[in-house]
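> Have a look at this fold, sequence not included:
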């Protein structure tokens, strides 16, 4: 590849790999500096042309393969669900770059009419996937960003009081599950973290739980974090300690069969049974325990920044769903004057 000048205009001569021959093209530039910029843009264009966009099915397989290496199992499961739903809706396998905005818009409209929250879940997952396609030079732009879903009313997260939690515990027959529920309520740990917790995570000398990453488990944020153990939880966990802890410190804390952790769906369903047996709101689910942990902290004056670290949120904006509780505390404080 080189430049040459003819009649005051710079031309570019290059070898075309596809046609296996030399070619010439006018840069339409009189100055060499402009012609060099032309070469830079020309090279970028040639690189994009050399990357053949995959089909929708091929891209989904490649994208999920990349997520499997970098993301948690729960996130991978959620994204796989959204992409499978979308793939089945489109039907036939088409080149990724031939998907049309109106096809995507119809998909989201259809899902929004059935479940608003599911539509937003699919939207977030697909937007991230298509953004990766742009990064990989499979697409020029992320066409999903052109689509705007209708706004839905935001509701505050449901949380329960300590009295309601004790009622749920009273209606939970299995001791292992009661202890797991206690740990969830007093640590705010995610369900995936709770079923994978091992004795090696717990430091009774400093009253701390260190949530760790391993080959078989990673936290949602990929970051390890530390959660203090309060007096009530300390007693619950102490009562579960194996007789020879040093030998068994790599065992799961909660299990039905030794060496095998609980299934997340099983725990979630058992919690729902206890909620219904207690006669409480059916909207209460296992994740409510995490919301309750955060809500009780905020109500007792704990900073949102501290709550963010305890919950393992990447961004403070996620923790700010509890800010309405903090505002009430501030109002109560001022009303004392």
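Yep, it's here. These numbers come from a predicted model, not from an experiment.

> Give me the nearest residue to residue 66, chain neighbours excluded.
Closest residue to residue 66 apart from its sequence neighbours, by Cβ to Cβ, 6 or more residues apart in numbering: residue 132 at 7.5 Å. To be clear about C-beta, it is placed using only N, CA and C from the backbone, and glycine gets the same treatment.

> Count the residues that sit near that neighbour.
17 (other Cβ atoms under 10 Å).

> On the pLDDT front, check it for me.
According to the per-residue confidence, residue 132 scores 92 in pLDDT.

> What's the separation between it and residue 67?
9 Å (Cβ to Cβ, to the nearest Å).

> Which is the succeeding secondary structure element to the one helix or strand residue 79 maps to?
Counting by DSSP states H and E, the element that carries residue 79 is helix 73-90. Next helix or strand after helix 73-90 toward the C-terminus (DSSP H and E): helix 101-114.

> list the helices and strands that next one packs on?
Using 3 or more Cβ pairs under 8 Å, 6 or more residues apart in numbering; DSSP states H and E as the contact test, the elements touching helix 101-114 are helix 73-90, helix 116-135.

> Centre of the chain to the last one, how far?
Between the mean C-alpha point of helix 116-135 and the mean C-alpha point of its chain there is a distance of 12 Å (Cα atoms, centre = their mean, to the nearest Å).

> which residues touch it?
With contacts defined as Cβ atoms under 8 Å, 6 or more residues apart in numbering, helix 116-135 is touched by 59-60, 63, 66, 78-79, 82-83, 85-86, 96, 104, 107-108, 111-112, 139-145, 147, 149-150, 152.

> how big is the angle separating that helix from helix 101-114?
With axes from the mean of the first three to the mean of the last three Cα atoms, to 10 degrees as the basis, helix 116-135 and helix 101-114 are set at 150 degrees to each other.

> Now the element after helix 116-135, going C-ward?
helix 162-170.

> Following element in sequence after that following helix, please.
helix 175-187.

> Could you count how many residues lie near residue 30?
12.

> For it, give me its contacts.
Contact analysis of residue 30 by Cβ under 8 Å, 6+ apart lists 8, 9, 10.

> do the same with residue 8
residue 30.

> same check, this time on residue 87
Contacts for residue 87 (Cβ under 8 Å, 6+ apart) come out as 56, 57, 60.

> Which positions within the helix holding residue 79 qualify as buried?
For helix 73-90, the neighbour count (16 or more other Cβ atoms under 10 Å) marks 78, 79, 80, 82, 83, 85, 86, 90 as buried.

> wait, which of those residues is closest to residue 169?
Each of the buried residues of helix 73-90 was checked against residue 169 using Cβ to Cβ; the closest is residue 78, at 29.4 Å.

> what's the spacing between residue 36 and residue 5?
13 Å.

> Just give me the residue closest to the centre of this structure.
Among the residues of the chain, the one closest to the centroid is residue 75, at 5.1 Å (Cα atoms, centre = their mean).

> wait, doesn't that one sit right on residue 67?
Yes. Here residue 75 reaches residue 67: they are 7.2 Å apart, a contact under Cβ atoms under 8 Å.

> any common contacting residues for residue 36 and residue 5?
By Cβ under 8 Å, 6+ apart, no residue touches both residue 36 and residue 5.

> re the thing from before, angle of the helix holding residue 79 against helix 101-114?
110 degrees.
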